[in-house]
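Participant: could you look at this predicted model? Sequence included:
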Amino acid sequence: MHLRYSFRVRPTAGQCSALARAFGCARTVYNDALRVREDARAAGLPFPKTGHLSKALITEAKRTPERAWLGEVSAVVLQQSLRDLDAAYRNFFEGLKGERPRTGAPRFKSRKDTRQALRFTANARWSITPGGKLRLPKIGDLAVRWSRALPSVPCTVTVVKDSAGRYFASFVVESDPVADLARAPGTGSVVGVDLGLGHFAVLSDGRKIDSPRFLRRAEKKLRKAQRELSRKEKGSRNREKARREVARAHARVADARREFHHQLSTRLIRENQAVAVETLSVKGLARTRMAKSVHDAGWSTFVGMLEYKAVRYGRRFVRVGRFEPTSQVCSYCGVQDGPKPLHVRTWTCGGCGAVLDRDVNAAVNVAKAAGLAVTACGAQIRRAPVPAQRSETGTHPKQPTQPVWEQAGIPGL
């Protein structure tokens, strides 16, 4: 499988200008190709092929005075821009067919977009210098902050400028399955995970992981930065500085949340051979009054990390349907006694009398619904007195006085 490793890049002022030029050229080619295809669709003409667009919008356009500045950047960057447009159209049409989640139609890119990106393949002849710098054609040697070594030789690199003005180099490398399995030896334990807001995750073994609530903790600083932005005049440099401060504040929250998701997902995958998670309707919950807390938790990102890490390290990952009554069934005896309000955190089973923790009981049921062999010992807190069943009440029938062997016709000894 292919993995992506991202590192912070520190370009100089001249390199920032060269990157801005490359961003603008790639954006222009993308918009020109999108305009040609949309005009052809409106006129009822055949869909232009990528080869025709490459020849008309890159090769021949460089010879014209209006587009001569396209020759100042690497041609590979412009070719990859056309491939990005092809991928956008492909995703759009596959979404209409129901083969993947629906996405919007390709749109024109704006120079005012706060996020810019360009991709270099092996044909661009980019390289990593012996000094650890990233050498890009017609840009120069970029200083990279290497936080770890790449597991193999990368095949492509994407330079990204985010909303906060930071630059990143994202490398695509091919992982070694043998090395990945060696780093995560087999284990016999399994776990069910119940995601929530009070606790970010509750495990079937009884452990509870508190929700960090990164956005809630940073709300005071975010409000102040947003208030400063609203007071700046539109189009001024001070407004751009204030916008970057808001973007940096949000970036710190997103980075902290992503780090938390990575650490927790890696720990769960390494400690367990199988992981089961309940499918949640995030879009539906985002329409409720809990929308901010739901987005702050980032459940979809966390589950996605669990899924791809399970594939990488040879673990089993199971999604349980959202309509599974995990909070209504006793994990000890299997009796279902109906839904319960959210304020009910513990409940007593009417069948066996076990007093159950709502979240731990749901995590155990998630694991059982996924077909994992998990015990319910983590869900039971204590035994409560159970009322006698109707068939067991009243006076018991009088026991016969005749010995059992005489009732069966066996002579006594």
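Facilitator: Everything's here; your move.

Participant: ok, the spatially most central residue of the chain - contacts?
Facilitator: Residue closest to the mean C-alpha point of the chain, counted by C-alpha atoms, centre = their mean, is Thr301 at 2.0 Å. Under the criterion of C-beta atoms under 8 Å, 6 or more residues apart in numbering, the neighbours of Thr301 are Arg257, Arg258, His261. Every residue, glycine included, has its C-beta placed from N, CA and C.

Participant: local confidence estimate at Val172?
Facilitator: We note a pLDDT of 93 for Val172 in this prediction.

Participant: and what about it, helix, strand or coil?
Facilitator: For Val172, the assignment made with DSSP: H, G, I helix; E, B strand; the rest coil gives strand.

Participant: and it, how close does it get to Ala124?
Facilitator: Per C-beta to C-beta, to the nearest Å, Val172 is found 14 Å from Ala124.

Participant: quick revisit: tabulate the contacts of Thr301 (a markdown table), appending distance to Ala88, neighbour count and secondary structure.
Facilitator: Below are the contacts of Thr301 laid out as a markdown table (distance: C-beta to C-beta, whole Å; neighbours: other C-beta atoms under 10 Å; DSSP: H, G, I helix; E, B strand; the rest coil):
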| residue | distance to Ala88 | neighbour count | secondary structure |
| --- | --- | --- | --- |
| Arg257 | 27 | 19 | helix |
| Arg258 | 25 | 15 | helix |
| His261 | 27 | 20 | helix |
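
Participant: kindly indicate which of the residues you listed lies nearest Asp359.
Facilitator: Closest approach between these and Asp359, by C-beta to C-beta: His261, at 19.2 Å.

Participant: domains in the protein, by residue range?
Facilitator: 2-175, 190-383 (automatic domain parsing).

Participant: for those domains, which has the smallest mean pLDDT value?
Facilitator: It's domain 190-383: among the domains of the chain, that one has the lowest mean pLDDT, namely a mean of 85.

Participant: hmm, back to that, pick the most deeply packed of the domains of the chain.
Facilitator: domain 190-383 (a mean of 17; mean count of other C-beta atoms under 10 Å).

Participant: rewinding a little: what's the closest of the contacts of Thr301 to Asp162?
Facilitator: Arg258 (12.8 Å).

Participant: please, which helix or strand holds the residue nearest to the closest one when sequence neighbours are not counted?
Facilitator: Using C-beta to C-beta, 6 or more residues apart in numbering and skipping the chain neighbours, the partner closest in space to Arg258 is Thr301 (7.4 Å). Per DSSP states H and E, Thr301 falls inside helix 299-312.

Participant: next structured bit after that helix?
Facilitator: Using DSSP H and E, the first helix or strand after helix 299-312 is strand 316-320.

Participant: next secondary structure after that following strand?
Facilitator: Counting by DSSP H and E, the next helix or strand C-terminal to strand 316-320 is strand 346-348.

Participant: distance from that next one to the middle of the chain?
Facilitator: How far strand 346-348 lies from its chain's middle: 33 Å, per C-alpha atoms, centre = their mean, to the nearest Å.
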